[in-house]
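1. got a structure for you, letters missing:
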């Protein structure tokens with residue numbers, strides 16, 4: 001191996017340096033993902049979604065506030081700021097949660113891209129049928145997020161929503177979107 005390196009001449013040094021840098025980046029990303037998975041608490045999120053399905057929003061919010069899981073904390077923020085739309089509350093919670101993913105001097109790249117990928121993937125398209133007062137009479141999933149519990153939580157939120165200026169029996173598709181804005 002060293003013989004090939006010497007035969008390659010001076011072009012081999014930049015290749016060696018770039019290879020070391022690439023390997024370092026890959027290892028750092030693997031360690032970051034492992035660290036974030038260790039911090040995740042699917043049990044907290046499942047418990048919150050179960051409480052939301054039962055209509056116990058305050059208990060669900062308290063569960064999320066005390067959790068180390070950034071998804072549970074984002075959901076808790078949305079539940080404690082119900083005066084805003086659910087999607088707006090989730091956007092604000094994602095921005096607040098992103099502080100944990102800001103680059104540090106020893107981590108210049110940060111994990112913002114990892115957070116964007118997670119949040120971009122959380123879209124549930126609901127199909128609503130509403131009455132004349134804007135209350136849903138039927139709520140179904142037009143397009144799943146791929147996460148059954150998230151789909152059920154979005155359906156529950158759809159049942160509690162109100163649509164302005166709705167004609168009786170009108171149908172509409174409404175996205176429940178988790179989206180981080182720069």
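-> The structure has been received and is ready for your questions. Note that this is a predicted model, so its numbers are computed, not measured. Residues are numbered from 1 along each chain as shown.

2. make it CA atoms for all contacts and neighbour counts henceforth
-> Will do.

3. low-confidence ranges in this protein?
-> Residues of the chain that meet the criterion pLDDT under 70 lie in 84-86, 89-90, 92-122, 149, 177-182.

4. longest helix in it, please.
-> In the chain, taking DSSP state H as the definition, the longest helix is helix 12-39.

5. mind listing what's buried in it?
-> The neighbour-count check on helix 12-39 (16 or more other Cα atoms under 10 Å) flags nothing as buried.

6. what's the following helix or strand after that helix?
-> Next in sequence after helix 12-39, counting helices and strands by DSSP states H and E, comes helix 42-53.

7. outside of the helix or strand following that following helix, which residues touch it?
-> Next along the chain after helix 42-53, taking DSSP H and E as the criterion, comes helix 57-65. Contact with helix 57-65 is made by 44-45, 47-49, 51-52, 72-77, 79-80, as judged by Cα atoms under 8 Å, 6 or more residues apart in numbering.

8. and if we set it to 6 Å?
-> The contact list for helix 57-65 (Cα atoms under 6 Å, 6 or more residues apart in numbering) reads 48, 51, 72-73, 76, 79.

9. ok, stretch 157-177 next?
-> 123-132, 134-136.

10. which of those residues sit farthest apart?
-> 123 and 132 (27.1 Å; Cα to Cα).

11. the two: who's more crowded?
-> residue 123 (20 against 14; other Cα atoms under 10 Å).

12. surely the more buried one is in a strand?
-> Yes. Per DSSP: H, G, I helix; E, B strand; the rest coil, residue 123 lies within a strand segment.

13. just checking, it touches residue 146?
-> No. Checked against Cα atoms under 6 Å, the pair residue 123 and residue 146 is beyond contact range at 8.9 Å.

14. now compare the contacts of helix 57-65 and name the two farthest from each other.
-> Across those (Cα to Cα), the longest gap, 14.7 Å, separates 51 and 73.

15. more neighbours, those two?
-> residue 73 (24 against 18).

16. and for the closest residue to the more buried one other than its chain neighbours, the neighbour number?
-> Distance criterion Cα to Cα, 6 or more residues apart in numbering; nearest residue to residue 73, sequence neighbours excluded, is residue 64 at 4.8 Å. Counted with other Cα under 10 Å, residues neighbouring residue 64 total 24.

17. any idea how far residue 64 is from residue 57?
-> Separation of residue 64 from residue 57 (Cα to Cα, to the nearest Å): 11 Å.

18. cool, and residue 152?
-> Distance, residue 152 to residue 57, by Cα to Cα: 15 Å.
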